[in-house]
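Q: I need the structure of the sequence given here:
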Amino acid sequence: MYDMNLKSWDWKNVVNKERDFWLVTPAKEVFAFAHELKQKGLKKVYDLGCGIGRNLYFLIEQGFEVYGSDFSEHAVYEINQKLKSVNYPYKIKCESMTDIHEDNASFDAVIAFHVICHGYKKDTLKAVQEIKRILKPGGMVLITFLSTRGVQGEFRDPQVEDWTIIKQDGVEAGIPHHFSDRDEIINFMDGFEIYDLTHVEHEYDRLQKRSCHYYVKAIKL
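A: Presented below is the predicted three-dimensional model:
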């Protein structure tokens with residue numbers, strides 16, 4: 001069942017250079033995480049909120065057994081058409097991050113890159129719980145959160161609960177965004193051993209824009 005609080009990216013309107021970025025440029029953090037997984041001999045990976053495939057295609061090329069999902073029907077259709085053309089045996093599913101249709105303890109690793117912040121606080125918590133549920137004991141996760149430290153002054157978009165806004169324009173129009181601090185993230189990650197917690201401040205568009213994220217790497221206890 002879809003969570004009516006949630007809304008997908010408008011991938012049909014992600015075009016040109018921006019589209020190329022989300023299609024072919026894996027995140028450097030995923031690149032490093034994949035190296036860790038290889039060192040530990042972990043193979044079965046779930047890409048939660050895979051978009052149009054920037055990290056998913058990279059992981060497949062690296063020899064991982066990759067499954068995944070996204071909330072966008074357009075993105076999922078596009079990915080599955082491409083995977084079908086190369087005879088990849090697994091399909092990507094269209095479903096909510098709060099209701100992952102996979103068996104308990106069935107994955108070696110989960111990647112949720114710039115995904116679970118796209119909801120209300122309760123959605124972010126539920127997504128973490130779903131990630132924990134599908135991970136095997138000892139399984140690894142790379143997960144990102146929007147940081148409250150990236151907010152300067154008042155939110156430009158409407159705040160619908162503490163530290164949650166609704167974007168008003170662009171491909172994220174109508175999508176809730178929840179911002180977390182360090183203590184909240186530690187509470188979210190109950191049942192995990194966090195072995196790396198990094199705060200990243202990113203300035204872009206000729207230093208006219210800024211975003212701040214927490215990058216969390218953890219092991220399911």
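Q: please make it C-alpha for all contacts and neighbour counts, starting now.
A: Noted.
Q: tell me where this structure has helices.
A: Remark: helices assigned in the chain by DSSP state H are 16-24, 28-40, 54-61, 73-85, 121-134, 182-188.
Q: mean pLDDT, mean neighbour count and distance to Leu207 added to the ones you listed, as CSV?
A: Listed next are the helices of the chain as CSV, based on pLDDT from 0 to 100; neighbours: other C-alpha atoms under 10 Å; distance: least, C-alpha to C-alpha, whole Å:
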stretch, mean pLDDT, mean neighbour count, distance to Leu207
helix 16-24, 70, 13, 17
helix 28-40, 97, 14, 20
helix 54-61, 96, 19, 24
helix 73-85, 94, 16, 30
helix 121-134, 97, 20, 29
helix 182-188, 98, 14, 25
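Q: so, low pLDDT: which residues of this structure?
A: Residue ranges of the chain with pLDDT under 70: 1-4, 9, 15-17, 19-20, 152-154.
Q: tell me which of the helices of the chain sits nearest to Ala105.
A: Evaluated over these, closeness to Ala105 peaks at helix 121-134, with 4.5 Å, by C-alpha to C-alpha.
Q: show residues contacting that closest one.
A: Contacts to helix 121-134, defined as C-alpha atoms under 8 Å, 6 or more residues apart in numbering, come from residues 97-100, 102-107, 110, 116-118, 164, 178, 188-189, 191, 220.
Q: which of those residues fall in strands?
A: Using DSSP state E, Phe107, Val110, Thr164, His178, Lys220 are the members of the contacts of helix 121-134 that sit in strands.
Q: distance of the last one from Val128?
A: Meaning Lys220. 11 Å (C-alpha to C-alpha, to the nearest Å).
Q: any idea which of the ones in strands among the contacts of helix 121-134 is closest to Ile79?
A: Nearest to Ile79 among those, counting by C-alpha to C-alpha, is Val110 at 18.4 Å.
Q: let me see the contact set for the residue lying closest to Gly53 once chain neighbours are set aside.
A: Excluding its sequence neighbours, the residue lying closest to Gly53 (C-alpha to C-alpha, 6 or more residues apart in numbering) is Leu23, at 5.6 Å. With contacts defined as C-alpha under 8 Å, 6+ apart, Leu23 is in contact with Ile52, Gly53, Arg54.
Q: what is the nearest of these to Gly174?
A: For the contacts of Leu23, the nearest to Gly174 is Ile52 (19.5 Å; C-alpha to C-alpha).
Q: contacts for stretch 76-94?
A: With C-alpha under 8 Å, 6+ apart as the test, stretch 76-94 has contacts from Gly51, Ile52, Gly53, Val66, Tyr67, Gly68, Ser69, Asp70, Phe71, Ser72, Glu73.
Q: may I have the beta-bridge partners of the fifth one?
A: In other words, Tyr67. Applying DSSP bridges to Tyr67 yields these beta-bridge partners: Tyr46.
Q: ok, it - contacts?
A: Lys44, Val45, Tyr46, Asp47, Tyr90, Lys91, Ile92.
Q: also the first one?
A: When the contact criterion is C-alpha under 8 Å, 6+ apart, the partners of Gly51 are Trp11, Trp22, Asp70, Ser72, Ala75, Val76.
Q: can you convert the contacts of Tyr67 into TSV and add a column each for neighbour count and distance to Glu201?
A: Output for those, formatted as TSV (neighbours: other C-alpha atoms under 10 Å; distance: C-alpha to C-alpha, whole Å):
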residue	neighbour count	distance to Glu201
Lys44	18	31
Val45	26	27
Tyr46	27	26
Asp47	22	24
Tyr90	13	36
Lys91	17	35
Ile92	22	31
